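Chemist: This is a predicted model, with the sequence first.
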Amino acid sequence: MEGKGKKIVFIEDESRLQEVFKTFFEERGYKLFSAYDGENGLKLAESEMPDLIILDLILPKKNGFDVLKELKENPRLKDIPVIVLTNLEGGQDIERAFSLGAKAYLIKSNYNLDELIEKIEELTK
């Protein structure tokens with residue numbers, strides 16, 4: 001089984017995407033914890049201490065850039081790899097996410113779930 005019980009916090013406000021990801025990841029042995037806004041995403045990361053975080057940038061309450069910044073400033077959470085998964089394709093957005101500590105930046109429309117799993121496996125070895 002691929003996931004071997006690895007924990008992932010998925011911070012994404014689109015409930016349909018949350019449902020699809022939860023099913024897909026859990027079928028592959030991952031534990032997926034869902035947060036629908038940035039504030040809850042930070043709380044969930046703190047309480048679950050996941051192996052990886054998947055983060056959208058356009059979120060209610062606290063945007064993904066702020067979430068990323070706070071994750072990396074938190075001594076307990078700073079080493080958790082973060083994959084940004086978003087629709088924002090601008091060079092400045094990509095640059096900003098990497099400068100804040102993202103390990104990967106994926107455009108939603110350019111990646112399928114199998115490719116995302118490959119990236120997760122690469123980052124959580």
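Modeler: Looks like it arrived, so ask away. Numbers count the residues shown, from 1 in each chain.

Chemist: use CA for all of it now, contacts and neighbours both
Modeler: Will do.

Chemist: Nearest the middle, which residue of the chain would you pick?
Modeler: Ile54 (0.8 Å; Cα atoms, centre = their mean).

Chemist: Report the contact partners of that one.
Modeler: Counting by Cα atoms under 8 Å, 6 or more residues apart in numbering, Ile54 makes contact with Ile8, Val9, Phe10, Ile11, Val82, Ile83, Val84, Leu85.

Chemist: Okay, helices next: where are they in this protein?
Modeler: For the chain, the helices defined by DSSP state H occupy 15-27, 38-48, 64-73, 91-99, 113-123.

Chemist: and the fourth one, which residues are buried?
Modeler: Put plainly, it is helix 91-99. Within helix 91-99, the residues that count as buried by 16 or more other Cα atoms under 10 Å are Ile94, Ala97, Phe98.

Chemist: cool, and the second one?
Modeler: Taking 16+ other Cα under 10 Å as the neighbour-count basis, helix 38-48 is seen to contain the buried residues Gly38, Glu39, Asn40, Gly41, Leu42, Leu44, Ala45.

Chemist: Columns neighbour count, distance to Ala104 and pLDDT on top of the contacts of Ile54, output as a markdown table?
Modeler: Shown next, in a markdown table, are the contacts of Ile54 (neighbours: other Cα atoms under 10 Å; distance: Cα to Cα, whole Å; pLDDT from 0 to 100):
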| residue | neighbour count | distance to Ala104 | pLDDT |
| --- | --- | --- | --- |
| Ile8 | 24 | 15 | 97 |
| Val9 | 23 | 15 | 98 |
| Phe10 | 28 | 14 | 97 |
| Ile11 | 30 | 15 | 98 |
| Val82 | 27 | 7 | 98 |
| Ile83 | 25 | 5 | 97 |
| Val84 | 26 | 6 | 97 |
| Leu85 | 23 | 8 | 95 |
